[in-house]
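Enquirer: predicted model and sequence below, questions to follow.
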Amino acid sequence: MDRAQLADFLRRRREALQPEDVGLRRGSRRRTAGLRREEVAVLCDMSTDYYSRLEQARGPQPSEQMLAAMARGLRLTLDERDHLFRLAGHTAPVRALRSEHVSPGLMRILDRLADTPAQVMTELGETLAQTPAARALFGDETRFEGPMRSVGYRWFVDPSARNVYPADDHPMHSRAFAADIRTAYAKFGARSRAGTMVEALLRESPEFAELWAEHEVRSTHAREKRLQHPEVGVMDVECQFLIDPEQGQTLLVLTATPGTVSYERLQLLSVIGTQEIAAGR
């Protein structure tokens with residue numbers, strides 16, 4: 001690990017980022033070149049003290065998970081991400097055809113949706129980045145590891161994963177998640193992570209096994225859904241999808257018709273999400 005070079009690289013990337021690049025207001029009293037350390041720490045989901053020590057060349061060796069979070073938070077390109085890993089004493093991640101690194105362009109779009117439930121997901125339904133409003137609605141979906149990272153897998157093995165949808169809609173979503181998993185399985189094959197997920201679900205979920213046997217195929221998602229939150233109630237939302245074909249990632253954005261109760265409730269979610277971030281939850 002090259003602490004001095006790592007510190008220099010982090011500092012220069014932080015100073016190159018402007019508040020507008022990550023959806024922040026500049027303010028009239030800002031004197032720092034680029035972002036402040038505490039702002040980068042929030043973007044990277046880590047403490048200000050931890051990030052500051054890295055910039056001061058006196059921090060511990062970051063884990064690969066921490067480095068991936070910093071690459072997203074600092075809006076690094078793939079080349080810059082690989083350089084970051086090497087400076088920290090790790091081997092750069094293998095560049096698969098479908099990467100879990102969110103491109104700076106997609107992250108810039110996500111930054112401008114800070115007051116809207118939106119998140120970037122892989123073709124296996126793994127959440128890579130969320131806005132505060134999305135985190136308030138779905139919880140922190142980036143915290144999971146292993147097959148639990150997939151929302152489709154969680155749907156069939158973890159009853160709490162269904163809490164965000166009204167019970168009457170559960171059968172419809174079960175069929176949709178099973179079809180999504182089948183699409184990934186057909187695309188990546190039996191020896192892929194999708195194949196491992198299917199094997200596990202066939203063992204662990206009779207509901208999934210029954211749906212899998214029906215061999216239902218679909219290529220489109222329902223654009224209109226009902227979601228619920230314990231503090232704001234049920235909302236009718238419309239789903240918009242922006243697909244990055246090179247990375248195999250989808251930006252999911254949830255909106256509601258202005259002037260409706262659902263619109264007001266989505267606005268309230270934005271407030272709740274900002275409060276949770278400020279409270280460090």
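Expert: Yep, it's here.

Enquirer: from residue 209, how far out is residue 266?
Expert: Computed as CB to CB, to the nearest Å, the residue 266 to residue 209 distance reads 36 Å. From N, CA and C alone the C-beta is placed, and that goes for glycine too.

Enquirer: and what of residue 36?
Expert: 52 Å.

Enquirer: strands of the stretch 101-250 of the chain, residue ranges please.
Expert: For the stretch 101-250 of the chain, applying DSSP state E, counting those that start in this stretch gives strands covering 118-122, 127-130, 224-229, 233-244, 249-255.

Enquirer: quick one: closest of those to residue 31.
Expert: When the strands of the stretch 101-250 of the chain are ranked by proximity to residue 31, the top entry is strand 127-130, at 29.0 Å, counting by CB to CB.

Enquirer: residues in contact with that closest one?
Expert: Among residues not part of strand 127-130, those counted as contacts by CB atoms under 8 Å, 6 or more residues apart in numbering are 72, 100, 102, 107, 110, 118-122, 138, 140-142, 149, 151, 249.

Enquirer: what average pLDDT does it get?
Expert: Confidence over strand 127-130, taken as the mean pLDDT, stands at 92.

Enquirer: what pairs with that strand, parallel or antiparallel?
Expert: Each strand that strand 127-130 pairs with, and the sense of that pairing, follows from DSSP bridges: strand 118-122 (antiparallel).

Enquirer: so for the strand it pairs with, mean pLDDT?
Expert: Taken as a whole, strand 118-122 carries a mean pLDDT of 94.

Enquirer: and what of stretch 46-63?
Expert: Summarised as a single mean, pLDDT over stretch 46-63 is 88.

Enquirer: again with stretch 138-153
Expert: For stretch 138-153, the mean per-residue pLDDT is 92.

Enquirer: do the same with stretch 106-113
Expert: Averaging pLDDT along stretch 106-113 gives 87.

Enquirer: can you pull the buried residues of that stretch?
Expert: For stretch 106-113, the buried set under the neighbour-count rule, 16 or more other CB atoms under 10 Å, comprises 106, 107, 109, 110, 111, 113.
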